[in-house]
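> predicted model, plus sequence, below.
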Amino acid sequence: MIDLDKDKIDQKSYAAAYEATVATYKGRVNENFFVDNFASGANDWYLGRILVPVKQIQDKLYTGGHDSDVYAYYSGVLHAEALQANIKRLNANCWEKVDSQSMTQGIYDAMRDLQKGKERGENDEYIAQGSEALLKALYI
């Protein structure tokens, strides 16, 4: 799905997305979950490809009757939208300080790790340093 070079990943963006995804989806992702579709939905949201109002996506998603791959895609869209909205709430200029492709990579990696049952914990050095960097960037 997405495989950024390690030197192109913004650590603070990646960490924020990774942690939020693990917190949201831990225990809800199994080996049959369409992780690529989920990450594609998130990526499409960040690239501005979703032209349908979020409310309409929510209504359709929650009425059911979708194939698992379609459900995963639109769940990814809604997750990315919620994450973006929460980041914007922290600070008016906050979204300008994150990299959306690194966010997508963090979401994708978290979902793959959850699927394997091997997600990084809050004590993971890379994630902890990235989270700290994001907090510094927001309040400096």
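Perfect, I can see it now.
> give me the helices and strands touching the longest helix seen in the chain, please.
Across the chain, the helix with the greatest residue count (assigned by DSSP state H) is helix 68-90. If you count contacts as 3 or more C-beta pairs under 8 Å, 6 or more residues apart in numbering; DSSP states H and E, helix 68-90 packs onto helix 11-25, helix 35-46, helix 54-63, helix 100-116. Every C-beta, even on glycine, is put in place using the N, C-alpha and C of the backbone.
> and the gap between the residue most central in space within the chain and Phe34?
Centroid-nearest residue in the chain, with C-alpha atoms, centre = their mean: Ile107, separated by 3.6 Å. Taking C-beta to C-beta, to the nearest Å as the measure, Ile107 falls 14 Å from Phe34.
> common neighbours of these two, please.
Residues touching both Ile107 and Phe34 by C-beta atoms under 8 Å, 6 or more residues apart in numbering: none at all.
> quick revisit: ok, the residue nearest to the centre of the chain touching Thr21?
Yes - assessed by C-beta atoms under 8 Å, Ile107 is found in contact with Thr21 at 5.0 Å.
> common neighbours of these two, please.
If you check Ile107 and Thr21 against C-beta under 8 Å, 6+ apart, the residues they both contact are His79.
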